[in-house]
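1. using only what follows, build the 3D model:
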Amino acid sequence: MADGEGQPSALRVEENGINVISDAERHGTPRQLFWPWFAANVSVLGLSYGAFALGFGISFPQALVAGVVGIVFSFLLVGFVAIAGKRGSAPTMVLSRAAFGVRGNRLPSAISWLLTVGWETVLTTLATLATATVFSRLGWGGGTGTLLVALVVVAALTVAAGVLGFQLIMRLQTVITVVTAVLTVVYILLVVDDVDFAAVGALPSGSAQEVVGALVMLMTGFGLGWVNAAADYSRYLPRGASGRGVVVWTTVGSALAPLVLFAFGLLLAGSSSELSDGIAADPIGALTTAVPTWFLVPFALVAVLGLVGGAVLDIYSSGLAMLAMGVRVPRYVAALIDGGIMILGTIYAVFFGGEFLGQFQGFLITLGVPVAAWCGVMLADIALRRRDYDEAALFDPAGRYGDVRPLPIAVVVVGTLLGWGLVVNSSAAWLAWQGYLLGPLGGREGPWAYANLGVLVALVLAFLATWAGTGRGVRAQEARA
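-> Model prediction:
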């Protein structure tokens, strides 16, 4: 089945899984990467991150600097990892086999799967809560029945796109980009009068440690949540596509909307402590308190579409990660399995999970540490390589990339253990064991306790260890016939 331009129909289930994309299927230009990445990150959740950042006790200028640096830098990492897709024509977690070995890569693939399933559950939860809040304000319900209907609609959209695959996702994301961008601008215009610049300017400054904590939280909430999926879309570009263009369009598409939304979210949250507190319980629904009743339905549309845009990319990539772990099912079956897990997770979060923000931050930082370690390894490995990937060897334990490469695996394990020892999240009781290395820095209640240093430590140490320890091995791989 094909459309009028000879491209596969968006309504046909994609047959590609973790296989290498053939040259005949590779088309387009790097600028087309703008659409899926913009749509995945234009969510009004970006506004709520303003409240999350100010929750560290920092001023508006400090939070703005932390936001700009954290958002741009983290999405730049996504852009760099996306280069691997053009070089190797395979999903991110298959290309990762070059660094870890064909079967050694199952560990980072499992980490990636947990992160993407977690994110799609978070986004579906937020869309469900936001819809129920809007319906409640309109007098149309808002109780258990409304939550269930909202969950069914959001989950159906997400799972359908994940099952059908790449063509539908690319076209759906273009529509989501246009609709959500327009309605988000309308939202900003409607609530801009609520900004109290005097209140924002009066916010007290925080310590350097608190600024670092906010910056790392924003890194994990934005770019580090996407690095493990970065090459899943660039793999469809022609081999001759510009590597610089891949980096630029991935970074710009990803970071543009979050920068604008975050900055305005800072102004809103800094103007009203009541709004800032409300966002902790319902990050999207709380934003409806500032808009007139007539805009509630359009707001629900922009909120749900924006969140679905992110969840769609997550469920697609989580299915690929499951296959990269060695699970032998078709890609669409993997997406269906992940969709089922997402629905169960959303039911728990909506009906039994309690206060949202603490659990959310705990999730971000806990999985952010091993993902940061994997990212450090992957970035160093990409930088060390001078040739395109040997595509056949990515699936052959006896090939040039080997079966299990001990050093990169050890780097991720050690980086994760060090990182978890340097992070704390008191709002999530199940994470009370973390922070076991903070003693020399003042302990779990000291000034560095909530700086989330573990994420940065895992990222930097993994990059340096891989760069220093695997350069000779990479050169030997590329020298093999």
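2. grab the nearest non-local neighbour of residue 383.
-> Counting by Cβ to Cβ, 6 or more residues apart in numbering, residue 383 lies nearest to residue 467, which is 7.2 Å off, once chain neighbours are set aside. Every C-beta, even on glycine, is put in place using the N, C-alpha and C of the backbone.
3. so which strand or helix has the one you found?
-> Secondary structure assignment for residue 467, by DSSP states H and E: helix 453-479.
4. buried residues, that helix. List them.
-> For helix 453-479, the neighbour count (16 or more other Cβ atoms under 10 Å) marks 453-459, 461-463, 465-467, 470, 473-474, 477 as buried.
5. same question for stretch 269-287.
-> Result for stretch 269-287 [16+ other Cβ under 10 Å]: buried residues 269-272, 275-276, 278-280, 282-287.
6. just give the closest residue to residue 412, not the sequence neighbours.
-> Nearest to residue 412 is residue 373, by Cβ to Cβ, 6+ apart, at 4.6 Å.
7. quick check: the one you found vs residue 259, distance?
-> 26 Å (Cβ to Cβ, to the nearest Å).
8. next: residue 177.
-> For residue 177 relative to residue 259 (Cβ to Cβ), the value is 16 Å.
9. same drill for the two, tell me which one is more crowded.
-> Neighbours were counted for residue 177 and for residue 259 using other Cβ atoms under 10 Å; residue 177 has more, 24 against 19.
10. can you pull the contacts of the more buried one?
-> Contact analysis of residue 177 by Cβ atoms under 8 Å, 6 or more residues apart in numbering lists 35, 38, 39, 42, 309.
11. okay, and which of those residues map to helices?
-> Judged by DSSP state H, the subset of those located in helices is 35, 38, 39, 309.
12. out of those residues, which end up buried?
-> Buried, going by 16+ other Cβ under 10 Å: 35, 38, 39, 309, out of the ones in helices among the contacts of residue 177.
13. in TSV: the residues you listed, plus pLDDT.
-> Formatted as TSV, these follow (pLDDT from 0 to 100):
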residue	pLDDT
35	83
38	86
39	79
309	76
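14. distance to residue 294 for those residues - can I get that in CSV?
-> Below are these laid out as CSV (distance: Cβ to Cβ, whole Å):
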residue, distance to residue 294
35, 30
38, 27
39, 26
309, 24
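15. which one of these is nearest residue 114?
-> Closest approach to residue 114 among those (Cβ to Cβ): residue 309, at 21.3 Å.
16. that closest one contacts residue 180, correct?
-> Yes - using Cβ atoms under 8 Å, residue 309 is in contact with residue 180, at 7.1 Å.
17. overlap in contacts, the two.
-> What both residue 309 and residue 180 touch, as defined by Cβ under 8 Å, 6+ apart, is the set 39, 42, 43.
18. now those in TSV, with distance to residue 242?
-> Below are those laid out as TSV (distance: Cβ to Cβ, whole Å):
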residue	distance to residue 242
39	22
42	25
43	28
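19. report the buried residues of the lengthiest helix in the chain.
-> Using DSSP H to define each element, the chain has its longest helix at helix 106-138. Using 16+ other Cβ under 10 Å as the test for burial, helix 106-138 gives 106-137.
20. can you pull the buried residues of whichever helix or strand comes after it?
-> Counting by DSSP H and E, the next helix or strand C-terminal to helix 106-138 is helix 144-164. Buried positions in helix 144-164, judged by neighbour count with 16+ other Cβ under 10 Å: 146-147, 150-151, 154-155, 157-164.
21. what angle separates the helix or strand that helix 144-164 is followed by from helix 144-164?
-> Sequence order places helix 166-191 as the next helix or strand after helix 144-164, per DSSP H and E. Relative orientation of helix 166-191 versus helix 144-164 (axes from the mean of the first three to the mean of the last three Cα atoms, to 10 degrees): 140 degrees.
22. of the contacts of residue 177, closest to residue 398?
-> For the contacts of residue 177, the nearest to residue 398 is residue 35 (39.6 Å; Cβ to Cβ).
23. hmm, residue 253 and the closest one touching each other?
-> Yes - contact criterion Cβ under 8 Å: residue 35 and residue 253 qualify, at 7.0 Å.
24. show me where pLDDT drops low in this structure?
-> 1-16, 141-142, 165-170, 172-173, 353-358, 361, 427-428, 481 (pLDDT under 70).
25. quick check, residue 20 in a strand?
-> No - remark: residue 20 does not belong to a strand; assigned using DSSP: H, G, I helix; E, B strand; the rest coil, it is coil.
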